[in-house]
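Asks: Kindly return the folded structure for what I paste below:
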Amino acid sequence: MRIIFLGSPQCVVPILENLLDLKSYQTVAVISQPAKSKGRSKTLVDPPVALYAKAKKIKVLQPEKTSDEFFLKELRELKPDICITAAYGKILSKNLLQIPTRATINIHPSLLPKYRGATPVQSALFDGEKTTGITILFTVFELDAGNIIIQKKFPIENNECSEDLLARLFRTSSPMLEDALNTLSRDNNFKGIPQEIKDVTFCHKIVKNKGVVNWNQENTKIYNQYRALKPWPGSYTFFNKKRIILEEVKIEELETNNIEKRGPGSLHFMVKTKNLLVETKNGFIRIIALKPEGKKKVSSTQFWHGLQSKKQTHFNFEHE
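Replies: Next up is the predicted model:
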């Protein structure tokens, strides 16, 4: 069967890499997002999937829109049986979906019908989920609504952030993808399992200001927010009218009964253990590393010792 892979970020490169090793299938082309300008020089840089495919001498298409007629003509000429999408980053046109002779399928990092949409991993972490999964499904012209081909559940590790969890899910999806392809090649009448409409949920929209920390919340909520939004847009707070990005944090597990409470957002530096703690609604968050606006990343100890005054020190919820 002739395969075309659609993807863009680094986390799905292992899927393409394993796809190329499958002897029963021929990957005839890769579709990825267009190159984007980076840095002050505005140099055009391809997304990681395109870079990898070009290094492997595979044909790469990078349309601005999947409805572009010249692109669709090129795609038809490749005569794909199956198109596979994984974090491609663009909406597929109806005309594109009609081109593969067998199907277009998608690798989605959630247990559909839960968390349809573009941010399933971030949303699962935000909500404090303990499990997630990979769903391989038929692609239809409705958001993540196609029938399920294969699905597998995975635990979420306590300290995993979105970047690491997403990479792990995609990395472990390759055996599932091979099983899905084998099913589709064996049985032309296989239609998959319809999703339960009553169980459908959608992802949180991730915008930059979603990263601001409200210290009046419980420490588990603040920690889940940090995990969900790392690396983008990151969790941040304000100090002396400057934004502070929380680079590394943990829920404090040390003895804190003797600390005099001053209210959520208050900073406490533990001299003996060199721990910087921030009060929350029900406990403390330990700051390990942070990045003040316009400066380099520093340890919490460096940050504390660099303060001019250490009286009534606290993080603010907004730019005051």
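
Asks: wait, is residue 184 part of a strand?
Replies: No - assignment of residue 184 by DSSP: H, G, I helix; E, B strand; the rest coil gives helix, placing it outside any strand.

Asks: so it makes contact with residue 191?
Replies: No - applying C-beta atoms under 8 Å as the test, residue 184 and residue 191 come out as separate, 10.5 Å apart. Bear in mind the C-beta positions are built from the backbone N, C-alpha and C, glycine included.

Asks: Of the two, which one has the most company?
Replies: Each of residue 184 and residue 191 has its neighbours counted (other C-beta atoms under 10 Å); residue 184 has more, 20 against 11.

Asks: Model confidence for that one, exactly?
Replies: Note on residue 184: pLDDT of 97.

Asks: The one 4 residues further on too?
Replies: Here the pLDDT value assigned to residue 188 is 94.

Asks: residues contacting it?
Replies: Residues in contact with residue 188 (C-beta atoms under 8 Å, 6 or more residues apart in numbering) are residue 102.

Asks: hang on, residue 150 packs against residue 179?
Replies: Yes - the criterion here is C-beta under 8 Å, and residue 150 meets it with residue 179 at 5.8 Å.

Asks: quick one: which of those two has more around it?
Replies: Each of residue 150 and residue 179 has its neighbours counted (other C-beta under 10 Å); residue 150 has more, 19 against 14.

Asks: Show me this protein divided up by domain.
Replies: 2-199, 208-305 (automatic domain parsing).

Asks: coming back round to it: shared neighbours of residue 184 and residue 191, anything?
Replies: The contact sets of residue 184 and residue 191 do not overlap (C-beta under 8 Å, 6+ apart).

Asks: Identify the bridge partners of residue 4.
Replies: As for beta bridges, residue 4 partners with residue 29, residue 83 under DSSP bridges.

Asks: what's the burial count for it?
Replies: 24.

Asks: quick one: the helices in the stretch 201-320 of the chain?
Replies: With helices called from DSSP state H, counting those that start in this stretch, the stretch 201-320 of the chain shows them at 219-229, 300-305.

Asks: what separates the longest one from the chain centre, distance-wise?
Replies: Average the C-alpha atoms of helix 219-229, do the same for its chain, and the two points are 15 Å apart (C-alpha atoms, centre = their mean, to the nearest Å).

Asks: Of all the residues in that helix, which ones are buried?
Replies: 219, 221-229 (16 or more other C-beta atoms under 10 Å).

Asks: mind listing what the closest residue to residue 62 other than its chain neighbours touches?
Replies: Once flanking residues are discounted, residue 62 sits nearest to residue 34: 4.6 Å by C-beta to C-beta, 6 or more residues apart in numbering. Residue 34 makes contact with 62-64 under the criterion C-beta under 8 Å, 6+ apart.

Asks: Go through the helix-or-strand element of the chain with minimal mean pLDDT and flag the buried ones.
Replies: When the helices and strands of the chain are scored by mean pLDDT, DSSP states H and E, strand 36-38 comes last with a mean of 88. For strand 36-38, a neighbour-count test (16+ other C-beta under 10 Å) marks nothing as buried.

Asks: Likewise for stretch 125-135?
Replies: Residues 125-126, 129, 132-135 are the ones in stretch 125-135 that count as buried (16+ other C-beta under 10 Å).

Asks: what does stretch 1-15 give?
Replies: Buried, per 16+ other C-beta under 10 Å, within stretch 1-15: 2-15.

Asks: What is the nearest of the residues you listed to residue 70?
Replies: residue 4 (16.2 Å; C-beta to C-beta).

Asks: quick one: the closest one from residue 45, how far?
Replies: Using C-beta to C-beta, to the nearest Å, residue 4 is found at 23 Å from residue 45.

Asks: where does the stretch 151-300 of the chain dip in pLDDT?
Replies: 253-256 (pLDDT under 70).

Asks: where do the strands sit along it?
Replies: For the stretch 151-300 of the chain, strands defined by DSSP state E, counting those that start in this stretch occupy the ranges 236-239, 242-251, 267-270, 275-279, 284-292, 298-299.

Asks: Mind jotting down where the strands sit in the stretch 1-150 of the chain?
Replies: Under DSSP E, counting those that start in this stretch, the stretch 1-150 of the chain gives strands at 2-7, 26-31, 36-38, 43-45, 60-61, 82-86, 103-108, 131-138, 148-155.

Asks: Assess the claim that residue 49 and residue 12 are in contact.
Replies: Yes - assessed by C-beta under 8 Å, residue 49 is found in contact with residue 12 at 6.2 Å.

Asks: how much space between residue 120 and residue 110?
Replies: For residue 120, the distance to residue 110 equals 4 Å [C-beta to C-beta].

Asks: quick one: which of these two has more around it?
Replies: residue 120 (27 against 24).

Asks: pLDDT value on the more buried one, please?
Replies: At residue 120, pLDDT is 98.
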